[in-house]
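K.L.:
would you be able to build a 3D model of this:
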Amino acid sequence: MDKPGAFADAINLDCPCCYRPNLPFNPKTLSPTQTIRSAKHKISALRILLAENDLDAYLVMSSDAHNSEYVSSCDERRAYLSGFTGSAGVAVVTATGEALLWTDSRYFLQAEEQLSEGDWVLMKQFEAGVPHVEEWIGENMKGKKVGVDPATFEYSRCVQWRKGWEDALRRKGESDDGSNVPMLVPVMNNLVDEIWNDGLRPAVPQNPIVVHPVHTLTSVFDRMNHNR
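P.N.:
Numbers count the residues shown, from 1 in each chain. Purely as a prediction, here's the structure:
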């Protein structure tokens with residue numbers, strides 16, 4: 001490294017001041033001049049956490065714990081990690097070098113402008129020849145551990161993806177003993193949160209809850225009159 005304890009152009013996994021196998025990665029110990037700002041730094045920091053958690057990849061959804069499409073600023077993890085701020089998208093970062101962002105045609109131009117060239121690959125969802133994110137994982141992460149935040153990844157989706165992977169293996173005549181099926185591993189502490197330490201993360205909203213009175217309008221005419 002150029003300076004002890006600081007980030008250079010990329011985090012060196014062989015450098016003891018960057019990667020300490022016997023100690024958890026703690027971005028909070030970084031000084032203000034060591035904040036993780038560039039796409040390359042964020043991806044490298046996430047890969048350090050992949051190694052710490054014995055994961056082969058990490059999946060970052062756009063939704064929050066309430067499965068909202070439009071989330072609070074503090075829950076925009078995919079946007080923070082990738083730089084892409086569109087409302088729809090899924091990111092996958094692997095330990096072996098891939099950083100992929102799926103989004104649909106509404107956001108192709110925006111994603112091309114916002115994703116750091118050379119760090120991220122845009123996967124144009126629903127375009128010919130582009131696999132869905134679960135298809136890509138099924139083909140490229142066979143038998144590998146893919147970390148997910150269980151608060152933002154629904155159990156029903158987990159079941160659906162696993163069934164799809166098993167069916168795909170059977171169609172190909174490959175082993176169906178489970179050894180080639182990707183493993184979705186719940187990670188209770190969101191790994192993006194652990195690197196989002198630069199002091200710029202918005203606070204969790206603390207707005208008051210407003211209780212609205214309950215009105216029972218039993219007929220269509222009652223509702224129409226009420227709206228008038």
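
K.L.:
only C-alpha atoms from now on, for both contacts and neighbour counts.
P.N.:
OK.

K.L.:
what about Pro202, how many neighbours?
P.N.:
11 (other Cα atoms under 10 Å).

K.L.:
cool, the one 5 residues further on as well?
P.N.:
Other residues near Asn207 number 6, with proximity taken as other Cα under 10 Å.

K.L.:
to which secondary structure element type does it belong?
P.N.:
The assignment at Asn207 comes out as coil when based on DSSP: H, G, I helix; E, B strand; the rest coil.

K.L.:
distance check, it against Phe84.
P.N.:
Separation of Asn207 from Phe84 (Cα to Cα, to the nearest Å): 27 Å.

K.L.:
what do you get for Lys42?
P.N.:
Distance from Lys42 to Phe84, by Cα to Cα: 13 Å.

K.L.:
need the helix or strand of this protein with the lowest average pLDDT.
P.N.:
Least confident element among the helices and strands of the chain, by mean pLDDT, DSSP states H and E: helix 220-227 (a mean of 75).

K.L.:
nearest residue to Leu101 other than its sequence neighbours?
P.N.:
Ala91 (4.5 Å; Cα to Cα, 6 or more residues apart in numbering).

K.L.:
touching the one helix or strand that neighbour maps to from outside, list them.
P.N.:
Using DSSP states H and E, the element containing Ala91 is strand 90-94. With contact meaning Cα atoms under 8 Å, 6 or more residues apart in numbering, strand 90-94 is reached by 43, 46-47, 56-62, 78, 82, 98-103, 133.

K.L.:
which of those count as buried?
P.N.:
The neighbour-count criterion (16 or more other Cα atoms under 10 Å) marks 43, 46-47, 56-62, 78, 82, 99-103, 133 among the contacts of strand 90-94 as buried.

K.L.:
contacting residues for the residue nearest the centre of the chain?
P.N.:
In the chain, the C-alpha nearest the mean C-alpha coordinate belongs to Val60, at 0.9 Å (Cα atoms, centre = their mean). For Val60, the contacting residues are Arg77, Arg78, Val90, Ala91, Val92, Val148, Asp149, by Cα under 8 Å, 6+ apart.

K.L.:
the fifth one pairs with what?
P.N.:
Read that as Val92. Leu59, Leu100 (DSSP bridges).
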